[in-house]
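Asker: Everything below, folded, please.
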Amino acid sequence: MGYWKEQQIIEDENRARGYRVPDHNETYLCLSHFDNQHLINLLTPLSRNGRCSYCGKKTNVIDLADFIETVCARLIEYIGPMDNEGLYLASSFMDDDDDVPGWAKRGPYIAPDNVEYYESEIDVMYDFDLYTDNDALNKDIEDCLYVDGWIRRDPTGLLMKD
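Answerer: Just a heads-up that it's a prediction; the model follows:
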């Protein structure tokens, strides 16, 4: 198999998963760019002394690749691409001007209207406190995500009672 074919297969796998991991040992970030204490606690054990590629501070830093792998692995436990969630096509249930109570058209699918739905990388970054104070870091995180209609996992599942 040729080089470009292998690259296309890797890109297709990344898109199906919902994110790509950048090259290791190229870019480092410090956790001071984030406000979410749970995120900081999750990532602190992966950090080491170094210089942040975004603000230049010499402090504990984490490789951007490790950051993306760790955060996105947790993220896709909760949300993911709509194509992977077994939703019905909206055209099977509604015309363009129809409404079905309790349901909403999400892209080509129909899903419960109270389920979290994300149309862009920025939506995901804001909702999960991944948006930072640094524009270059935000762009690098955004470039690693492939969000084109993400929704909560098992959106039609019944809620469990305590």
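Asker: Which parts of the protein are strands?
Answerer: 28-30, 48-51, 58-63, 79-81, 88-89, 103-106, 109-112, 117-118, 150-152 (DSSP state E).
Asker: As CSV, those with mean neighbour count, mean pLDDT and distance to Ala16 would be great.
Answerer: All C-beta atoms are positioned from the backbone trio N, CA, C, and that covers glycine. CSV is the format used below for the strands of the chain (neighbours: other C-beta atoms under 10 Å; pLDDT from 0 to 100; distance: least, C-beta to C-beta, whole Å):
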stretch, mean neighbour count, mean pLDDT, distance to Ala16
strand 28-30, 23, 96, 26
strand 48-51, 12, 96, 32
strand 58-63, 18, 95, 24
strand 79-81, 19, 85, 7
strand 88-89, 12, 86, 19
strand 103-106, 18, 86, 18
strand 109-112, 20, 87, 17
strand 117-118, 21, 90, 17
strand 150-152, 23, 86, 13
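Asker: I'd like those as CSV, with distance to Glu142 appended.
Answerer: Below are the strands of the chain laid out as CSV (distance: least, C-beta to C-beta, whole Å):
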stretch, distance to Glu142
strand 28-30, 14
strand 48-51, 23
strand 58-63, 18
strand 79-81, 16
strand 88-89, 29
strand 103-106, 21
strand 109-112, 24
strand 117-118, 12
strand 150-152, 14
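Asker: Which one, of those strands, ends up nearest to Arg20?
Answerer: Distance to Arg20, taken as C-beta to C-beta, is lowest for strand 79-81 among the strands of the chain, at 13.4 Å.
Asker: before we move on, the earlier item: please name whichever of the strands of the chain is nearest to Glu6.
Answerer: Among the strands of the chain, strand 79-81 comes nearest to Glu6, with 22.5 Å by C-beta to C-beta.
Asker: Mind listing residues that contact that closest one?
Answerer: Strand 79-81 has contacts (C-beta atoms under 8 Å, 6 or more residues apart in numbering) with Ala16, Gly18, Glu116, Tyr118, Val124, Tyr146, Asp148, Gly149, Trp150, Ile151, Arg152, Arg153.
Asker: same deal with stretch 35-47?
Answerer: Identification of contacts with stretch 35-47 by C-beta under 8 Å, 6+ apart yields 31, 34, 60-63, 66-67, 70-71, 74, 129-130.
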